[in-house]
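*Asks:* predicted model follows, preceded by the sequence.
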Amino acid sequence: IGIRLSLGAGRGRLIRQLLTESLMLAIPAGLAGFLVSRTAIEAGLRIMYATLPTDMALIVPHISLPPDIRVFGFMLMAAFASALLFGLAPAIQSTRADVMLAARGEFTSDVRPMRLRNTLVVVQITVCALLLICSGVLIRGESAMRSFDVGFRTHGVIGMALPEKGRPVILERLKSDPTVQGMAAAASIPLNGILPPVLISAGVGAKTSDAWYNYVSPEFFSLLDIPILEGRNFTAEEARSGAPVVIISQLTARRLWPNGNAMGREIFIRHDEQRNWGSELPRYPAARVVGVTRNIISCSIPYGPDAPLVYFPATTSSHSILVRVNGNVENARLRLDKELSTLAGEDIEDIHSMDQAFALSVYMFRAGSWVGMLLGGLALALTLSGIYGVLSYLVTQRTKEIGIRMALGANIGAVTRLVMTQSMRLAVVGIGLGTALALGVSRFLASHLVFINTFDLLAYAAGVFLVVAASLGAAYFPSRRAARIDPVTTLRYD
């Protein structure tokens, strides 16, 4: 470039040449990126279907994501924009140089371009640290979630939503099935979504409290091994008549009567048709507490134990059905699905094992941690390339300086430390910013998901260690190249 400028080449022509070179790099990279993305999408879909819980994979439709001309066009436009954005600035910078300096390969003494390069590397390190730390926090949360006790039995239990047509025949068939050890009913099967809300209070004029409610048969608690800690279960007569009695969770009892016994007390139910949805609330204004049960997770594992929960009595002649089976649960589920669909004359809308429902609740969270790991890995690769590129360029720009240092007695260790210090200075700034951002993201996640630990030291330490290791690794080769500079050869440049 210096020779071209000295021979009278115009800046416009040189800028066009440099932009053309940028486009020759960017356009093939965009095409390669499109091919890589297609491979990644297909691999992602295969992994998703391979890792879905077994009985959920049967009902999840197979989707196809064929190539789209709009996506392809967007990728080419992104490549073109990248070429202009990251090719124009160096082109303008290099063609502004003094002819004599440019002829010697010294384009500018301005420190702003180096600051810009350092800023870009710091941004890469920041994003890398953010993603790696957040991925670690998610993975640790998913591990805690998998080992968490949901408060009831899931093994050997199958939940199903029966159609109204043929329901009595289906119930009789379930009662006579030799593999079915027990049967219960519930308006909402645990781990099957959000329960409907209700407003309750401990007395007339007392402060109302938000709660959830569910209709269950007397067999519900024993079938799922949910202990009744105080009081008793519903009776069959109370279930048939819909008597004004309730069983409440420990949390409900503590919320309404923090310093007293809940047994025999009355819960007042506030009817609010705009708020209540799902199963219709009973029409009596108050109900007597006959039992207190253990807290469980009825809705979704990532959100933790239920809010205050109220159980109303019901019979097995209505609502969804839970059955406990012996032997292989998946074989029993497939057999029951086929037989009951034949009796009903239509497919059973939903039939799944509780173990699979548990796995599905955790799966979404696990998939999120996998995506975070993948993005963190890509960010780590970008960090490696960014630090390596900047330091390699730095060594090239400072060849004369390093040669003079070595001619004046600097040893290999001193030169290596010079380059490594530059790397670690960028790494420290990026890690500090990334850790601060990760702390904010973790706090946000922890406010919505009970299994997230905002201050998970192991996750933070692992993320920081990976970034530091990557920074040292990326700086190693440029530092070794700087240490091998021959001062005699370098000083001949002038």
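*Replies:* It's in. Numbers count the residues shown, from 1 in each chain.
*Asks:* what's near enough to touch the residue nearest the centre of the chain?
*Replies:* The centroid of the chain falls nearest to G368 when counting by Cα atoms, centre = their mean (2.7 Å). Contacts of G368 were listed using Cβ atoms under 8 Å, 6 or more residues apart in numbering, and they are L138. All C-beta spots, glycine's among them, are computed from the backbone N, C-alpha and C.
*Asks:* tally up the residues packed near E349, please.
*Replies:* Counted with other Cβ atoms under 10 Å, residues neighbouring E349 total 12.
*Asks:* show me what contacts L439?
*Replies:* Counting by Cβ under 8 Å, 6+ apart, L439 makes contact with T454, F455.
*Asks:* that one should be in a helix, yeah?
*Replies:* Yes - the assignment for L439 by DSSP: H, G, I helix; E, B strand; the rest coil puts it in a helix.
*Asks:* how near is the residue nearest to the centre of the chain to P197?
*Replies:* From G368 over to P197 the distance is 27 Å, taken as Cβ to Cβ, to the nearest Å.
*Asks:* what are the boundaries of the strands in the stretch 51-200 of the chain?
*Replies:* In the stretch 51-200 of the chain, the strands defined using DSSP state E, counting those that start in this stretch lie at 157-161, 180-186, 197-201.
*Asks:* and of those strands, who's closest to F477?
*Replies:* F477 sits nearest to strand 157-161 of all the strands of the stretch 51-200 of the chain, at 58.2 Å, using Cβ to Cβ.
*Asks:* the closest one pairs with which strands, and in what direction?
*Replies:* Strand 157-161 has its sheet partners listed here by DSSP bridges as strand 320-325 (antiparallel), strand 350-353 (antiparallel).
*Asks:* where does pLDDT dip in this structure?
*Replies:* Segments of the chain classed as low confidence (criterion: pLDDT under 70) are 55-59, 90, 93-113, 271-279, 489-494.
*Asks:* run a quick neighbour tally on T39.
*Replies:* Neighbours of T39 under the rule other Cβ under 10 Å: 9.
*Asks:* from L336, how far off is the residue nearest to V169 when sequence neighbours are not counted?
*Replies:* Spatially, and ignoring its direct neighbours in sequence, V169 is nearest to L343 (5.3 Å; Cβ to Cβ, 6 or more residues apart in numbering). Distance of L343 to L336, given as Cβ to Cβ: 10 Å.
*Asks:* more crowded one of the two?
*Replies:* Higher neighbour count among L343 and L336: L336, with 22 against 17, using other Cβ under 10 Å.
*Asks:* Three-state assignment for V289, please.
*Replies:* Assignment for V289 (three-state DSSP): strand.
*Asks:* again, but for L229
*Replies:* Assigned by three-state DSSP, the conformation of L229 is strand.
*Asks:* number of nearby residues for the closest residue in space to it that isn't next to it in sequence?
*Replies:* In space, and not counting its chain neighbours, L229 is closest to V292: 5.2 Å by Cβ to Cβ, 6+ apart. Around V292 there are 21 other residues, counting by other Cβ under 10 Å.
*Asks:* likewise for G151?
*Replies:* 19.
*Asks:* for it, which non-adjacent residue is closest in space?
*Replies:* Leaving aside its sequence neighbours, G151 sits nearest to I296 (Cβ to Cβ, 6+ apart; 3.3 Å).
*Asks:* that older thread, from what I can see the residue nearest to V169 touches R173, true?
*Replies:* Yes - if you go by Cβ atoms under 8 Å, L343 and R173 touch, sitting 6.0 Å apart.
*Asks:* you'd agree the residue nearest to G151 is in a strand?
*Replies:* No - counting by three-state DSSP, I296 is not found in a strand; it is coil.
*Asks:* could you measure from it over to S423?
*Replies:* 52 Å.
*Asks:* and the strand or helix carrying T39, what does it pack against?
*Replies:* Assigned by DSSP states H and E, T39 falls within helix 11-51. Here helix 11-51 touches helix 69-95, helix 354-397, going by 3 or more Cβ pairs under 8 Å, 6 or more residues apart in numbering; DSSP states H and E.
*Asks:* for that helix, the distance to its chain's centre please.
*Replies:* Helix 11-51 has its C-alpha centroid displaced from the chain centroid by 26 Å (Cα atoms, centre = their mean, to the nearest Å).
*Asks:* could you do stretch 63-72 as well?
*Replies:* Centroid displacement of stretch 63-72 relative to its chain, using Cα atoms, centre = their mean, is 25 Å.
*Asks:* just the CA atoms of that stretch, as PDB, please.
*Replies:* Extracted C-alpha coordinates of stretch 63-72, given in PDB (Å, rounded to 0.1, in the frame of the first residue of the first chain):
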ATOM      1  CA  ILE A  63     -41.200 -30.700  12.000                       C
ATOM      2  CA  SER A  64     -39.300 -29.800   8.900                       C
ATOM      3  CA  LEU A  65     -37.300 -26.700   8.500                       C
ATOM      4  CA  PRO A  66     -36.400 -26.600   4.800                       C
ATOM      5  CA  PRO A  67     -34.000 -23.900   3.300                       C
ATOM      6  CA  ASP A  68     -35.700 -20.600   2.900                       C
ATOM      7  CA  ILE A  69     -34.700 -18.100   0.300                       C
ATOM      8  CA  ARG A  70     -35.400 -15.200   2.800                       C
ATOM      9  CA  VAL A  71     -33.000 -16.700   5.300                       C
ATOM     10  CA  PHE A  72     -30.400 -17.300   2.600                       C
END
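*Asks:* got the contact list for it?
*Replies:* With Cβ under 8 Å, 6+ apart, stretch 63-72 has contacts from F34, R38, I41, L45.
*Asks:* S249: which of the strands of the stretch 51-200 of the chain is closest?
*Replies:* Ranking those by proximity to S249 (Cβ to Cβ) places strand 197-201 first, at 11.7 Å.
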